Structure formats: C-alpha cells, structure tokens
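Visitor: the amino acid sequence is not available; the structure is as follows:
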C-alpha cells in the first residue's frame, strides 16, 4: 500500500474503537497498522485466524473492525470470520486476499484484493465503519476567480 503524506481525518459522531489487523505477513500487518494509526485509529495485531478469534473473544464489543487475510495458516480468514460472527453477528469485517477471492461464501462487509491501494482501502473503511473522510483544505483547488 502506498504511504500517506498526511493523516486521513475521519468525521465521526462516535469514537471508533481499536481495529484488529490480522495477516501472517508481518510487513503487510505493520503497514496496515501504520496507515490506521496515522489516521488516528488504534490497532491490535494478530498473526493468524486463531489468534484473531482469541483476541476478539476477549473484547467483542470493543473492537470496531476486523481486517483479516483470507489465507492465514493454520486457520484461514474465512473460518475466522465465521467464528467471529458467531461471537458477534454484527461484527464489522474486511477480508483481504491475494490472487483470487475465497471460493466459499464469506460473510464479510468488504472483500479486497491485494496489493491494496490507499484509495480502495479508505473507501472500504468509509463504507464499513460508516464514516466520512474530512476534506483537507490544502488539497482543494483555489476558489474560482482567485487567480
């Protein structure tokens, strides 16, 4: 995922709890956590689906979102989603995958192909968390007539 030069700001009415980021590839996991942290979101990490389910089980009402890879051995993301949704049917989940989407039906709120781009990732966060990105005034064009 490309780096961001300045944090992404979110307009929210309620605070967003921590995001559980699950990937067996350390660099991917750390990169996602950095983007989320730079955007003001707290993160919790897990290296596989089993660890994710165990961490989610300890605080199902506190974790706002789970982002997990479909292919994290020994327990893949599809099975982890099923177990997490068993703990909390309204859990918000983004599933990521490399090469092809999971063959079995997945009850995720969004399914994203790797490598992730910042735009696609932010669009998914916006949709799943039901938040809006704040406009960055420094990136807006000058008002008409002020040349």
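Guide: Yep, that arrived. Quick caveat, the model's predicted, so the values are computed rather than measured. Numbers count the residues shown, from 1 in each chain.
Visitor: and stretch 108-119, how far from the chain's centre?
Guide: With Cα atoms, centre = their mean, to the nearest Å as the basis, stretch 108-119 stands 8 Å off its chain's centre.
Visitor: lowest-scoring secondary structure element of this structure by mean pLDDT?
Guide: Within the chain, no helix or strand scores below strand 10-11, which has a mean of 56 by mean pLDDT, DSSP states H and E.
Visitor: what strand or helix carries the spatially most central residue of the chain?
Guide: Centroid-nearest residue in the chain, with Cα atoms, centre = their mean: residue 67, separated by 4.2 Å. Using DSSP states H and E, the element containing residue 67 is strand 65-69.
Visitor: that strand pairs with which strands?
Guide: strand 19-22 (parallel), strand 93-98 (parallel) (DSSP bridges).
Visitor: can you tell me which of these is packed in deepest?
Guide: Highest mean neighbour count of those: strand 19-22, a mean of 26 (counted as mean count of other Cβ atoms under 10 Å). (Each C-beta comes from the backbone N, C-alpha and C, glycine too.)
Visitor: now the element after it, going C-ward?
Guide: Assigned by DSSP H and E, the successor of strand 19-22 is helix 26-38.
Visitor: check which element follows that following helix along the chain.
Guide: According to DSSP H and E, the helix or strand after helix 26-38 is strand 43-46.
Visitor: brilliant, that's me finished.
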